[in-house]
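Peer 1: return a 3D structure for these sequence lines:
(one chain, ligands or ions: 1)
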Amino acid sequence: MNIPMVDLKGQYETLKPEIDSAILQALAETRYILGPNVLAFDQEAAQYLGVNHAISCASGTDALHLALLAAGIQAGDEIITSAFTFIATAEAIRYIGAIPVFVDIEAHSFNIDPAKIRAAITPRTRAILPVHLFGQPADMEEIMALADEFGLLLIEDCAQSFGSRYRGKMTGSLGCVGAFSFFPSKNLGCYGDGGMITTDDDEIAAQIKMLRNHGSSRQYHHDVIGYNSRLDELQAVVLRIKLKHIDDYNRQRLRVAEQYNRLLADSRFTTPAIAADRDHVFHQYTLLCDERDAVREAVLAREIACAVYYPVPLHRQKAFADTAQPDLPVTEACAKRCLSFPIFPEMNAQQVETVCEAMLDAG
Ligand SMILES: Cc1ncc(COP(=O)(O)O)c(C=O)c1O
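Peer 2: Residues are numbered from 1 along each chain as shown. From the prediction side, this is the model:
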């Protein structure tokens with residue numbers, strides 16, 4: 001592929017001396033489980049995000065699972081969320097026997113539509129779980145007002161939104177708990193699986209620390225049945241180094257997205273909107289277009305990557321065949337028309353022009 005979706009190799013090359021030597025040092029120290037880098041990363045991430053606690057764990061999926069458990073979600077509880085997301089959002093709900101209730105999205109942001117949440121609330125609703133999809137925060141003021149009005153918990157899926165802000169506040173600091181993913185291609189990604197939960201609540205934090213470590217806060221004493229879900233020490237090494245660059249990475253992503261938006265302004269593509277009160281970190285650059293599959297083929301034929309996030313919304317997945325299948329017309333339309341293009345901090349202006357040329361030639 002001449003232009004990939006992300007350039008992990010290019011980023012590693014620029015960080016190589018620092019990362020290699022820090023990894024060698026961690027190897028020599030031999031404190032591989034909950035070692036000094038994991039503990040330091042938890043503190044540094046909490047400080048960056050402006051939360052009292054950040055607790056790393058083994059993946060973003062685990063982060064959602066542990067966040068829901070620690071927030072007290074139980075079997076049979078209904079959780080309102082989006083169907084236009086990666087399956088992990090609703091998988092984690094199902095791990096506990098809770099029920100995902102899918103609500104439609106806004107076409108301009110791809111995020112849950114707050115105007116449609118009220119009608120989905122029932123006496124069994126316990127929480128709203130917005131996903132800050134593609135790096136742009138959901139409409140949190142409206143969502144928080146509904147959560148307050150109905151006494152619901154607010155759980156944020158921040159897997160794609162590290163460092164994005166809603167009215168100056170970081171995603172992951174707006175609800176009761178936030179769940180992050182450090183999957184390698186994420187805007188803050190490690191070199192394997194990794195995740196993290198954020199909260200301001202001391203009790204929830206203590207619970208999550210136990211849950212990620214076999215239900216234990218004192219070695220060989222187990223208060224609850226927990227999990228083996230610790231961030232790997234070597235991944236923490238990588239994340240501590242990348243965290244120092246995250247503002248720059250997110251700025252570069254925005255630069256790329258703005259260039260795309262400029263070059264495609266008068267085209268038939270509906271380019272992504274950036275709400276004035278939000279900082280979009282452009283984990284993905286996703287737009288809407290007709291004849292999506294033809295455009296995709298034409299771009300791929302020029303050795304330029306592009307991808308469909310997400311072709312099948314969750315309420316149409318076989319795995320959720322036993323879950324209510326509401327009518328979600330905006331979600332369905334976006335699934336048919338969405339197309340994502342390469343975006344990464346190291347992408348240069350020439351590469352963006354090349355992608356746009358291929359897109360414009362395709363249609
Ligand atoms: C929106 C969303 N939620 C949850 C996850 C799960 O994260 P992970 O792959 O680290 O388990 C991902 C990413 O894969 C995601 O994009």
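Peer 1: close to the ligand: what parts of this protein are there?
Peer 2: Contact residues, the chain versus the ligand (Cβ under 6 Å from any ligand atom): 59-61, 85-86, 88-89, 131, 157, 159-160, 181, 183, 193, 195. For the C-beta atoms, the positions are set from N, CA and C on the backbone; glycine is no exception.
Peer 1: tell me which of these fall in helices.
Peer 2: Members of the residues of the chain next to the ligand lying in helices (criterion: DSSP state H): 60, 61, 88, 89.
Peer 1: who's in contact with residue 295?
Peer 2: Contacts for residue 295 (Cβ atoms under 8 Å, 6 or more residues apart in numbering) come out as 289, 306, 339, 359, 362, 363.
Peer 1: of those residues - the most surrounded one?
Peer 2: residue 359 (26 neighbours; other Cβ atoms under 10 Å).
Peer 1: quick check: the closest residue to that one other than its chain neighbours vs the ligand, distance?
Peer 2: Closest residue to residue 359 apart from its sequence neighbours, by Cβ to Cβ, 6 or more residues apart in numbering: residue 299 at 6.1 Å. Distance, residue 299 to the ligand, by Cβ to the nearest ligand atom, to the nearest Å: 22 Å.
Peer 1: show me the contacts for the residue nearest to residue 181 when sequence neighbours are not counted.
Peer 2: Distances taken as Cβ to Cβ, 6+ apart place residue 60 nearest to residue 181, at 2.4 Å, with adjacent residues excluded. Residue 60 sits next to 88, 159, 179, 180, 181, 182, 183, 186, 194, 195 when contact means Cβ under 8 Å, 6+ apart.
Peer 1: rerun at 6 Å
Peer 2: For residue 60, the contact set (Cβ atoms under 6 Å, 6 or more residues apart in numbering) comprises 159, 181, 195.
Peer 1: neighbours around the first one, how many?
Peer 2: By the measure other Cβ under 10 Å, the count of residues near residue 159 is 29.
Peer 1: residue 48: which element?
Peer 2: Per DSSP states H and E, residue 48 falls inside helix 36-49.
Peer 1: low-confidence stretches in the stretch 1-150 of the chain?
Peer 2: The model of the stretch 1-150 of the chain has pLDDT under 70 over residues 1.
Peer 1: quick one: the helices in it, in order.
Peer 2: 8-29, 36-49, 60-70, 88-95, 140-150 (DSSP state H, counting those that start in this stretch).
Peer 1: out of those, which is the most enclosed?
Peer 2: Mean neighbour count (mean count of other Cβ atoms under 10 Å) peaks for helix 60-70 among the helices of the stretch 1-150 of the chain, with a mean of 27.
Peer 1: and that helix, C-alpha only, in CSV?
Peer 2: The C-alpha coordinates for helix 60-70 follow below in CSV (Å, rounded to 0.1, in the frame of the first residue of the first chain):
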residue,chain,number,x,y,z
GLY,A,60,-10.2,-1.4,25.8
THR,A,61,-12.8,-4.2,25.9
ASP,A,62,-11.7,-5.1,29.5
ALA,A,63,-11.8,-1.4,30.4
LEU,A,64,-15.5,-1.2,29.4
HIS,A,65,-16.2,-4.5,31.2
LEU,A,66,-14.4,-3.5,34.5
ALA,A,67,-16.0,0.1,34.3
LEU,A,68,-19.5,-1.4,34.0
LEU,A,69,-18.9,-3.8,36.9
ALA,A,70,-17.3,-1.2,39.2
